[in-house]
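Asks: fold the following, please.
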Amino acid sequence: MKTTCLFSSILLFSLLFLSGTPHADPGRGHGVTVLLPSIPWLEKMDVSSEDKNKPRGRAGAKTDSPEVDILISMMDPYANVGMDMDMPQTMAAFMHAPGGESANFGRIDLLGDIEEIRYRDKKAWGVNMALEKAGLYQFIMDAKPWWDEEKGIYHQHQVKVVLPVATDAGWHLPAGQSFEILPLSRPFGLSAPAAFSGRVLLDGKPAPDVTISMGRINSPRIEAQTRWHETLAARTDQAGQFSFVLDKPGWWYCEANIDGAPLKGPDGELKPVIRSAIFWLYVNPAQSDKGKK
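Replies: Prediction:
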């Protein structure tokens, strides 16, 4: 009799675990800051790098150069729902020219060109920039700390995405953020399944034993078996390095988390802060085997 009861209890527990239990809408506790270019990469470019008199195309300026729109928003990627976002603290682009690590076009401040938009019926931001020269563009953004009422903590995000324009020179270079994810494998031209590895830098130095995760914008809104299936998770090694295999196509984010300096909460008392470095990359659908022998 005892054996039968024990077996029944184990069976019931197994069924509950394997089927997964419904969990409440995580709300802003699972919010990720989005920084997505309208094109993941531009393979060819016919604009002459010698023409320096063209307008940059910022804030709607007219230009014949190809342009990119940058979406800046907050969302719960797995639930695929938007969240209201305050205007960023900083927004800039670094441009690396073909020809080596020392060849670059410097920094362009884009904060003054940001315009308020609506994304998924929530407050978001956008900026447009002309791509005047071939090169690798690193877009970086620091979001204002936002208050997570449910958990009683602040979140502070530093975000980066790269856009190669007719060259891949410089994708491995840091952008100089105080908390940053540096790719060790090329973060574009990927097809699922794709390996991605990187290094977490804190004040320019490798950050060991840091929690890091990778997730994807769940456009089909596929229900996960459990909450652990919504993201991949790991910890960095002593060199600050990590690696993942991305098995599905779409926009993926890589997020590293550490404790930050406390900030005053709504009640005037100091509250915990979670600092996040976020890196976005795009993975294409699997290449077809059609035509192969």
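Asks: would you list every one of the strands in the stretch 51-200 of the chain?
Replies: 67-76, 81-83, 90-96, 104-109, 115-119, 122-130, 135-142, 146-148, 153-165, 179-183, 190-191, 194-202 (DSSP state E, counting those that start in this stretch).
Asks: quick one: which of those strands has the weakest pLDDT on average?
Replies: When mean pLDDT is averaged over each of those, strand 104-109 scores lowest at a mean of 80.
Asks: so which of the strands of the stretch 51-200 of the chain is nearest N218?
Replies: The closest of these to N218 is strand 67-76. By Cβ to Cβ, the value is 9.2 Å. Quick note: C-beta positions are derived from backbone N, CA and C, even for glycine.
Asks: for that closest one, which positions count as buried?
Replies: 67-68, 70, 72-76 (16 or more other Cβ atoms under 10 Å).
Asks: now do it: which elements does it pack against?
Replies: Judged by 3 or more Cβ pairs under 8 Å, 6 or more residues apart in numbering; DSSP states H and E, the packing partners of strand 67-76 are strand 32-37, strand 81-83, strand 115-119, strand 122-130, strand 135-142.
Asks: tell me the gap between that strand and the middle of its chain.
Replies: 10 Å (Cα atoms, centre = their mean, to the nearest Å).
Asks: swap in stretch 126-142?
Replies: 15 Å.
Asks: again, but for stretch 159-168
Replies: Taking mean C-alpha positions (Cα atoms, centre = their mean), stretch 159-168 and its chain are 13 Å apart.
Asks: send the alpha carbons of that stretch over as PDB?
Replies: C-alpha atoms of stretch 159-168 as PDB (Å, rounded to 0.1, in the frame of the first residue of the first chain):
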ATOM      1  CA  VAL A 159      23.000  48.300 -24.800                       C
ATOM      2  CA  LYS A 160      24.900  47.700 -28.000                       C
ATOM      3  CA  VAL A 161      24.300  46.400 -31.500                       C
ATOM      4  CA  VAL A 162      26.600  46.400 -34.500                       C
ATOM      5  CA  LEU A 163      25.700  47.100 -38.200                       C
ATOM      6  CA  PRO A 164      28.200  46.100 -40.900                       C
ATOM      7  CA  VAL A 165      28.000  48.200 -44.000                       C
ATOM      8  CA  ALA A 166      30.000  46.600 -46.900                       C
ATOM      9  CA  THR A 167      32.700  45.500 -44.500                       C
ATOM     10  CA  ASP A 168      33.100  43.400 -41.300                       C
END
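Asks: which of the helices and strands in the chain ranks last by mean pLDDT?
Replies: Lowest by mean pLDDT, DSSP states H and E among the helices and strands of the chain is helix 2-19, with a mean of 33.
Asks: for I278, which non-adjacent residue is closest in space?
Replies: V159 (4.5 Å; Cβ to Cβ, 6 or more residues apart in numbering).
Asks: quick one: that neighbour from S73, how far?
Replies: V159 is 11 Å from S73, where distance means Cβ to Cβ, to the nearest Å.
Asks: can you list residues touching both of those two?
Replies: 33-34 (Cβ atoms under 8 Å, 6 or more residues apart in numbering).
Asks: quote the end-to-end distance of stretch 83-92.
Replies: With Cα to Cα, to the nearest Å as the measure, stretch 83-92 spans 23 Å from end to end.
Asks: would you turn the strands of the stretch 51-200 of the chain into CSV with distance to L246?
Replies: Conversion of the strands of the stretch 51-200 of the chain to CSV gives the following (distance: least, Cβ to Cβ, whole Å):
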stretch, distance to L246
strand 67-76, 19
strand 81-83, 22
strand 90-96, 24
strand 104-109, 29
strand 115-119, 24
strand 122-130, 25
strand 135-142, 20
strand 146-148, 27
strand 153-165, 15
strand 179-183, 13
strand 190-191, 7
strand 194-202, 5
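Asks: nearest to S276, of the ones you listed?
Replies: Nearest of the strands of the stretch 51-200 of the chain (Cβ to Cβ): strand 153-165, 4.9 Å.
Asks: quick one: the closest one to strand 135-142, angle?
Replies: With axes from the mean of the first three to the mean of the last three Cα atoms, to 10 degrees defining the directions, strand 153-165 sits at 170 degrees from strand 135-142.
Asks: what's strand 153-165 packed up against?
Replies: Secondary elements touching strand 153-165 (3+ Cβ pairs under 8 Å, 6+ apart): strand 32-37, strand 135-142, strand 146-148, strand 179-183, strand 250-264, strand 270-284.
Asks: could I get the helices and strands packed on strand 67-76 as TSV with distance to A261 and mean neighbour count?
Replies: As requested, the helices and strands packed on strand 67-76 are exported to TSV (distance: least, Cβ to Cβ, whole Å; neighbours: other Cβ atoms under 10 Å):
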stretch	distance to A261	mean neighbour count
strand 32-37	19	23
strand 81-83	24	19
strand 115-119	29	13
strand 122-130	25	20
strand 135-142	15	24
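Asks: thank you, goodbye.
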